[in-house]
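Q: here is the input, now give the coordinates:
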Amino acid sequence: MKRAVMGWAVVWLLAAGAWARVPEGDLLQRVQPGPEGKIDLLTVFAHPDDETFYEAGTLLKLTADPRVRLHILCLTLGDRDAAKDKLGISAERLGRIRVQELEAAAAVLGAEEVIELGYHDQGLAAADPATLVGQVREVMERTGAEVVITHDPYGITGHPDHLAASRAAREAFGQSAGQRLYYVTLPPLRYSCNRLFSTFPGEAERARPTLRVQIRGEKRLKKAALYAHSSQKHFSFWNGLAMKEDLLYNYEYFTLAESK
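A: Residues are numbered from 1 along each chain as shown. I've put the predicted structure just below:
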C-alpha cells in the first residue's frame, strides 16, 4: 500500500514539475572571475548527498566550464542516519562510509576538493551559531568563492541540519566578498508535495525559484553521483526513493538569494 501511495505521489510530482513556469537561467551570469581568471563555486550543505540531490546536474554543467573550480563543503558526517541500523554498524563507521561516498560523488561532479567540518548528523541546530558561521566564512575566504550554493531556508525537507546550514551560509556570505548566493529549491507544487512526506516540523520560508537549469545532457552522470551514496540508495528507504524521484526531472531550480 505504501509503495502504491508513493507511486501516485511520484506521478503527481511529475505533473507539478510540468506546471512550473520558471525562466531558464545561468548561475554564472554577470559573475566576475577572480584574479586568476577562475570562478570559484562553493556548495555549503549539511550532509553527504545533499551536494547531489536537486543540483548535481547543474554542478556538472558548471564544472564543464574550464573557468570553474568547485569546492564542496559538508558540515556533518551523516553518521546518525537510519542506514546504520539496517547495516548493523556503529554511527562512527557509517560516518566514515558516508565521507568516502561523498568523495566518490565529488569526483563524478568534478570537484577540486571536499571540506568536511565533522559535526554529527542531527547536531547542527545545537552547534554554536557564531562558531559555525565563522567556520563557513573561513572556507569562503580561503577558496575566494564568487558563487555560493546552499539549502533554502526551509531546506526542502525541513531537516534542522538543513535549516542551520542555510542560516550559517547566508550569514557567512554576507560577511564575504562573494558575488552570488543561490538557494537550491523546487517549484511550489512539487515543494508542497515533498513537504507532505517530510517527518520534520517547521515553518521556515520556502524559497520560490527564480531560475531553472536544463540538465538533460547531465542526467547519466548525475545518476552516477547520486548512486555513489550507496548506503543511502540501498539502506535508507526515503533517500533511495528520493533519488529515483529526483532523476525523473530534466530541470533543477534555484533562487538568487543575494547578489553583490
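
Q: which stretches of the stretch 51-200 of the chain have low pLDDT?
A: 195-199 (pLDDT under 70).

Q: give me the number of residues near Ser54?
A: Heads up, residue 54 is Tyr, not Ser. Tyr54 has 20 neighbouring residues, counting by other C-beta atoms under 10 Å. Just so you know, the C-beta spots here come from the backbone N, C-alpha and C atoms, and that holds for glycine as well.

Q: residue contacts, it?
A: Going by C-beta atoms under 8 Å, 6 or more residues apart in numbering, Tyr54 touches Ile156, Val184, Leu186, Asp246, Glu252, Tyr253.

Q: now the helix or strand hosting Leu221: mean pLDDT?
A: Using DSSP states H and E, the element containing Leu221 is helix 219-227. Averaging pLDDT along helix 219-227 gives 98.

Q: tell me which entries of the contacts of Tyr54 lie within strands.
A: Under the assignment DSSP state E, those contribute Val184, Glu252, Tyr253 to strands.

Q: and the helix or strand that the helix holding Leu221 is followed by, how far out from the chain's middle?
A: Downstream of helix 219-227, the next assigned helix or strand under DSSP H and E is helix 230-235. Its chain's C-alpha centre and that of helix 230-235 lie 17 Å apart, by C-alpha atoms, centre = their mean, to the nearest Å.

Q: ok, residues contacting helix 230-235?
A: 49, 81-83, 86-87, 94, 97-98, 101, 226-227, 239-240, 243.

Q: buried among these? Make that a PyMOL selection.
A: Buried residues within these, by 16 or more other C-beta atoms under 10 Å, are selected in PyMOL with:
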select buried, resi 49+81+83+94+97+98+101+226+227+239+240+243
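
Q: in strands, which of the contacts of helix 230-235 fall?
A: Per DSSP E, the subset of the contacts of helix 230-235 in strands is empty.

Q: can you map out the strands along the stretch 101-250 of the chain?
A: Here the stretch 101-250 of the chain has its strands, by DSSP state E, counting those that start in this stretch, at 113-119, 147-151, 180-185, 211-214.

Q: Throw these into JSON lines and include distance to Gln29, thanks.
A: As requested, the strands of the stretch 101-250 of the chain are exported to JSON lines (distance: least, C-beta to C-beta, whole Å):
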{"stretch": "strand 113-119", "distance to Gln29": "25"}
{"stretch": "strand 147-151", "distance to Gln29": "10"}
{"stretch": "strand 180-185", "distance to Gln29": "9"}
{"stretch": "strand 211-214", "distance to Gln29": "9"}
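
Q: can you lay out these as CSV showing distance to Ala169 and mean neighbour count?
A: Compiled in CSV, these are given as follows (distance: least, C-beta to C-beta, whole Å; neighbours: other C-beta atoms under 10 Å):
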stretch, distance to Ala169, mean neighbour count
strand 113-119, 12, 18
strand 147-151, 4, 26
strand 180-185, 7, 25
strand 211-214, 19, 18
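
Q: give me the distance from stretch 118-135 to the chain's centre.
A: Centroid separation between stretch 118-135 and its chain, computed with C-alpha atoms, centre = their mean, is 17 Å.
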